[in-house]
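1. next comes the sequence, and after it the predicted model I'd like to discuss.
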Amino acid sequence: MLTGRLHPYLPELTIRDYNIYLRYVRGVSYQLYLDYGFLAYQSLPHRVGTLALLSDSLAGRQATCQSIRLPGSLTPVPMMCQTRGIRLAAQIQVMMSWHRLQDRRTSELPFKEKVQRAIQRLTLYRAYRKAVQEEPALERIFCQQQAQAVAQQQLRGQNYAVASEPMSNVYGALFSVLASDDPVQRKNMRYIGSCIGKAFYLLDKAQRHQQDQKEDRYNVFVANGLSQEAAQENARRQAIAAINDLARVYTLMDIKLNRSLLDNIIILGLRDTVDPLEHGSWDLNWEFPL
């Protein structure tokens, strides 16, 4: 349940927006270190800069840029510092990473992965408990949707909307938290997040088709009798439809700062994740360097 796919589309990204995004990524990384310690900073992926950017841009919070040395680096680098959006994104990263460790029962893992999972839990536990104390409402959402996902795995249903509902609800809740106190903005952000959650769920399940089939794990595409290729095409079509739906709502949002950068991420970046705008030009696993 990570937001690694919420990235800019580089061919249309200006130098200015590139720098803003990169500084937010660094800012969230540094916030992880400040709030949760060196172990959490080292062990967690740093992929939630877009969430911090969204939160601050919707509220009109102008972040302060400072040159700070990241842990393990000798050279100070410019980064955005300690806004509410950055702190919230760091909390979300910790919680999402912890709950991702619960996505698969330890008993199903090979011995080597069992050991790695145990080490990850020990490393992340204190940071997770602190994040839960700071945002208990988010923790309740994660637990509720995780229980719903387990129930659906047992039922092995064929309905795509029902299968994607837990992740859709989680992303909807996360995005609504990023919004201000304006109820209309919260409602729109919840819808945008829900669409993203649905698209990501279907793409992930299509990618895991063969592995889930081999291990007899629930996969909605396997339940519908689709092959790997048919699952990928089905997921692509449904994900494009979800992204088109959220784009109509997104264009109505009152974004006070960084509009061009967020347009690039939400409109072009998401679409390129699902259906590459320039085939072969984009690596989905590519990340900005820190």
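-> Right, received. Where do you want to start? Numbering: from 1, shown residues only.
2. now do the spatially closest residue to residue 210 that is not a sequence neighbour: how many residues are near it, please.
-> Excluding the flanking residues, the one nearest residue 210 by CB to CB, 6 or more residues apart in numbering is residue 228, at 5.7 Å. Heads up, the C-betas are built off the backbone N, CA and C, glycines and all. Number of residues near residue 228 (other CB atoms under 10 Å) recorded here: 14.
3. which ones are touching residue 228?
-> 206, 209-210 (CB atoms under 8 Å, 6 or more residues apart in numbering).
4. of the residues you listed, which is the most crowded?
-> Ranking the contacts of residue 228 using other CB under 10 Å puts residue 206 first, with 23 neighbours.
5. got the buried residues for the host helix or strand of that residue?
-> Per DSSP states H and E: residue 206 is located in helix 183-207. Within helix 183-207, the residues scored as buried using 16 or more other CB atoms under 10 Å are 185-186, 188-203, 205-206.
6. what does stretch 160-175 give?
-> Neighbour counts over stretch 160-175 (16+ other CB under 10 Å) mark 160, 163-175 as buried.
7. run through who's touching the helix-or-strand element of the chain with minimal mean pLDDT.
-> Ranked by mean pLDDT, DSSP states H and E, the weakest helix or strand in the chain is helix 136-155, scoring a mean of 80. With contacts defined as CB under 8 Å, 6+ apart, helix 136-155 is touched by 91-92, 95-96, 99, 102, 131-132, 162-163, 165-167, 169-170, 173-174, 177, 217-218.
8. output the contacting helices and strands for the helix or strand where residue 112 lies.
-> Assigned by DSSP H and E, residue 112 belongs to helix 111-134. Here helix 111-134 touches helix 15-43, helix 84-101, going by 3 or more CB pairs under 8 Å, 6 or more residues apart in numbering; DSSP states H and E.
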